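Asker: The following block contains a protein sequence and its predicted model.
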Amino acid sequence: MSASLRVAMFTPLPPARTGTADYAGQLVAELHKIVTLQVFENARGVSWKSFDAVIYQIANNPYHAGFYNLAIEQPGISVLHEVNLHDLIKDQTLNRANERAYLRELMYEVYGQDLKDPVRAESFQVPQPRAFSMLRRLLDRSERCIVHSKYAARELRQKGFSRPIAVIPHGSSVKNLNASANRQAVRAGPGAPLIGLFGFQRPDKRVLECFRAFETLLSSYPLAQLLVVGEPHPDVPLRQWIAQSRLESCVHILGYQTIQDYDSNMAACDIILNLRHPTFGETSGTMMRAFGLGKAVIVSDSGANCELPEDVCLRIPPDDYEAAVLVECMKWLLETPSRVAEIGCRAQQWVADACSWPRVAQMYAAFARTAADRTAPARNGRVRPTPADTPADTPAVFEQLSPQTVGAYLRRWIDPASEATGHFRAHSHRLVRTVQCIPLGTTQDRILELGCSLQITPALRQLLGYGEVRGCYWGPPGEIFKASAIATDGELFDCSIDLFGPDADPFPYPDDYFSTILCCELLEHLENDPMHMMSEVHRVLQPGGILVLTTPNIASLRSIAQVLKGAHPASFYRYSRTRLGGDPEPAHSREYTPDEVRLLLADSGFVVLSVETGPYGEMDPKDTQWVVPVLQGLKLPTALRDDCIFAVGRKESLARTRFPGWLYGK
């Protein structure tokens, strides 16, 4: 990479007490060798035109507030170390007694617009749970993004980011340290297993679960010691747990350490525990340091960790059996010390091959070069494969499904001579946008389409990559039939369709079964109990699973135009008549506003990722724009007025309301 590439990087550096400072310190040392690099901790004296690329290191803590604000003002390449900035935004707004600013960010996160609407703002719960990511404003301003995993890249696409994303692994260094003095300091003799917990001890790092597992381990290994290194968290009363368990003699809390002491203490350990749940797409810097030190690490089998090679660590599911499995994993490692050494050796080799700091720096430089050249990649919805003649240090670029790609694929499944052609024209935008809202899957992922009619269903497997595609439709509960379709080029598709009433019957699937669920143009047809359907959707989705929901917008310009003309605002008739042939025409029981859809998701235990509106298709009415100046004259909002609502929510363990008053009455 030519040294003529001029790069500005805005980042904290050591001794700032943030893991990103340590990350940047290692990265900067290597980048200096291959580009003309200037590092800034603020914008004073910066000549923006002097640089080909500007990089911002953004993490979810107050150290990064200045860099975040600068990235909004002067867009560049945003490096996201986790796909969540809620703590940072909350600290800048709500914690400074500025609730209006916090509400403004909440509305932008959901709707993607600055909405000056106090009525809408008052319907938001304050504060939102930490799982509410607060990313959208930064993403809308960023020219490019760097993340450490495909998982994080998918999350950014889920938030609507359509520009280039580079997947660059978190760096690490292979080290072999003599840590005998550190073991002696905590009285861990040659036969005493030393278990390590490192980093800021937040609740999502499963500190209590790790402590209880260690307590159980003592019955088999009474000489075992637990070493806790890193800053404490106010919600993790570790010293109180130690005192209650009377384990003062075998649990050692060292608090914050310099990076040298941090590494030395980690090198002293036999096993490193690095669990995370929930996860926000972060790749743990502690985990990567442990790999470089040749340690056996136990991690949660979720998020970005699912992409780790299977032979460099132990992964355990964050489920009801987590504690028991963690104990058994520690026993399995300790009973044969050679296993610990073998896993650590493989981890070091992986770091050397795939994640060394020189290689990471080369990837940064290659991606920064694309910013300098302003050449955006073609967007086809996948991680772009690296050609054989491309240098190995070129990062994978995660590309989005373009409307052209999706539309062309869906048209392959429509017989041009059939009635479906007219239906596709009438719903083309909805169908394409729905597919764009669905996260990419893997062969291990399952997806369910409620109200399945095979319009977008083949794309779920062939275009989005889901291993199991299932559908459901109204009918006698318990019946299943096979549905199939054939494309114009001969490609075949089939899937199983389960029959039941989604607003009355239990879903015939186990808990936590699906990665993604689609509820498209179904909500408005429910006659009995829509929250029953939402409760069942929440039950059968995996933790962190995605719900994509579309439904007509009763507050659209078309609806308002109808009312002003003295006609009914609904987009479909409430009552139906029997068609020739016996099947009744579909009817709408209730249509919703964008705010009601947001409340529906929130009351059902979902974090609302986005709510937007758009047209249905090519045949949408074009004579409703006269309503806009009417609304403006009345000082009423004009946003979110298209005919179709597109909403995306993520399942979390949040408080739920079974019969919300806004829907069922009080």
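Answerer: Arrived safely, thanks for sending.

Asker: Identify the bridge partners of G255.
Answerer: Beta bridges link G255 to V229 when assigned by DSSP bridges.

Asker: ok, it - contacts?
Answerer: G255 is in contact with 229-232, counting by Cβ atoms under 8 Å, 6 or more residues apart in numbering. (Each C-beta comes from the backbone N, C-alpha and C, glycine too.)

Asker: swap in S302?
Answerer: The contact partners of S302, taken as Cβ under 8 Å, 6+ apart, are 276-277, 279, 317-318, 543-544.

Asker: do that again at 6 Å, thanks
Answerer: By Cβ atoms under 6 Å, 6 or more residues apart in numbering, the residues touching S302 are 279, 318.

Asker: which residues in the stretch 251-400 of the chain form helices?
Answerer: Remark: helices assigned in the stretch 251-400 of the chain by DSSP state H, counting those that start in this stretch are 259-268, 285-292, 322-335, 337-350, 357-373.

Asker: Compare these and give me the one nearest E215.
Answerer: helix 322-335 (9.4 Å; Cβ to Cβ).

Asker: Could you figure out how far the closest one is turned away from helix 337-350?
Answerer: If you take axes from the mean of the first three to the mean of the last three Cα atoms, to 10 degrees, helix 322-335 sits at 100 degrees to helix 337-350.

Asker: Could you give the separation of helix 322-335 from the chain centroid?
Answerer: 29 Å (Cα atoms, centre = their mean, to the nearest Å).

Asker: Low-confidence ranges, the stretch 351-500 of the chain, go.
Answerer: Residue ranges of the stretch 351-500 of the chain with pLDDT under 70: 374-392.

Asker: Let's see that with 80 instead.
Answerer: Confidence mapping of the stretch 351-500 of the chain against pLDDT under 80 gives the ranges 373-393, 396, 398-400.

Asker: now do the stretch 551-666 of the chain
Answerer: Using pLDDT under 80, the stretch 551-666 of the chain drops low at 572-586, 618-622, 665-666.

Asker: picking that back up, just send the contacts of G255 back as JSON lines, with distance to N528 too.
Answerer: Below are those laid out as JSON lines (distance: Cβ to Cβ, whole Å):
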{"residue": "V229", "distance to N528": "55"}
{"residue": "G230", "distance to N528": "51"}
{"residue": "E231", "distance to N528": "51"}
{"residue": "P232", "distance to N528": "50"}
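
Asker: Are any of these buried, and if so which?
Answerer: Neighbour counting by 16 or more other Cβ atoms under 10 Å classes 229-230, 232 among the contacts of G255 as buried.

Asker: Pull the number of nearby residues for C313.
Answerer: Neighbour count for C313, taken as other Cβ atoms under 10 Å: 24.

Asker: sorry, back to before: now for the contacts of G255: which two are most distant?
Answerer: V229 and P232 (10.9 Å).

Asker: Domain boundaries for the chain, per the record?
Answerer: Domains of the chain are assigned by automatic domain parsing as 6-85+135-167, 180-354, 403-664.

Asker: How far off centre is the shortest one?
Answerer: Per Cα atoms, centre = their mean, the displacement of domain 6-85+135-167 from the mean C-alpha position of its chain is 18 Å.

Asker: for stretch 525-540, same thing?
Answerer: Offset of stretch 525-540 from its chain centre (Cα atoms, centre = their mean): 24 Å.

Asker: What's the mean pLDDT across that stretch?
Answerer: Mean pLDDT, stretch 525-540: 96.

Asker: Check which residues of it are buried.
Answerer: Residues 525-526, 529-540 are the ones in stretch 525-540 that count as buried (16+ other Cβ under 10 Å).

Asker: Make JSON lines out of those residues and add distance to K90 and secondary structure.
Answerer: Formatted as JSON lines, these follow (distance: Cβ to Cβ, whole Å; DSSP: H, G, I helix; E, B strand; the rest coil):
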{"residue": "H525", "distance to K90": "39", "secondary structure": "helix"}
{"residue": "L526", "distance to K90": "36", "secondary structure": "coil"}
{"residue": "D529", "distance to K90": "35", "secondary structure": "coil"}
{"residue": "P530", "distance to K90": "32", "secondary structure": "helix"}
{"residue": "M531", "distance to K90": "29", "secondary structure": "helix"}
{"residue": "H532", "distance to K90": "34", "secondary structure": "helix"}
{"residue": "M533", "distance to K90": "32", "secondary structure": "helix"}
{"residue": "M534", "distance to K90": "27", "secondary structure": "helix"}
{"residue": "S535", "distance to K90": "29", "secondary structure": "helix"}
{"residue": "E536", "distance to K90": "32", "secondary structure": "helix"}
{"residue": "V537", "distance to K90": "28", "secondary structure": "helix"}
{"residue": "H538", "distance to K90": "25", "secondary structure": "helix"}
{"residue": "R539", "distance to K90": "30", "secondary structure": "helix"}
{"residue": "V540", "distance to K90": "32", "secondary structure": "helix"}
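
Asker: out of the domains of the chain, nearest to A371?
Answerer: With respect to A371, and counting by Cβ to Cβ, the nearest of the domains of the chain is domain 6-85+135-167 at 4.2 Å.

Asker: tell me the mean pLDDT for the closest one?
Answerer: For domain 6-85+135-167, mean pLDDT rounds to 93.

Asker: and that domain, how far apart are its ends?
Answerer: Taking Cα to Cα, to the nearest Å as the measure, domain 6-85+135-167 stretches 21 Å from start to finish.

Asker: Doesn't V79 lie inside a strand?
Answerer: Yes. Counting by DSSP: H, G, I helix; E, B strand; the rest coil, V79 falls inside a strand.

Asker: quick one: it and I146 touch, right?
Answerer: Yes. If you go by Cβ atoms under 6 Å, V79 and I146 touch, sitting 4.4 Å apart.

Asker: ok so, going back, for the contacts of G255, which one is nearest V46?
Answerer: Distance to V46 across these (Cβ to Cβ) is lowest for E231, with 31.4 Å.

Asker: Give the helix, strand or coil label for the closest one.
Answerer: In three-state terms, and counting by three-state DSSP, E231 is coil.

Asker: Mind pulling up the pLDDT for it?
Answerer: Reported pLDDT for E231: 88.

Asker: got it, and P203?
Answerer: As predicted, P203 sits at a pLDDT of 87.

Asker: Tell me, how many residues neighbour the residue nearest to it when sequence neighbours are not counted?
Answerer: Among residues not flanking P203 along the chain, D235 sits closest, at 5.2 Å (Cβ to Cβ, 6 or more residues apart in numbering). Neighbour count for D235, taken as other Cβ under 10 Å: 10.

Asker: distance of D235 from F200?
Answerer: Per Cβ to Cβ, to the nearest Å, D235 is found 12 Å from F200.

Asker: Now do the phi/psi pair for E468.
Answerer: Dihedral pair for E468: phi -120, psi 120, per degrees, to the nearest 10.

Asker: OK, contacts around the residue lying closest to it once chain neighbours are set aside?
Answerer: Excluding the flanking residues, the one nearest E468 by Cβ to Cβ, 6+ apart is R446, at 4.2 Å. By Cβ under 6 Å, 6+ apart, the contact set of R446 is 468, 514-515.

Asker: Between the residues you listed, identify the one with the most neighbours.
Answerer: For those, the largest number of neighbours (other Cβ under 10 Å) sits with F514, at 24 neighbours.
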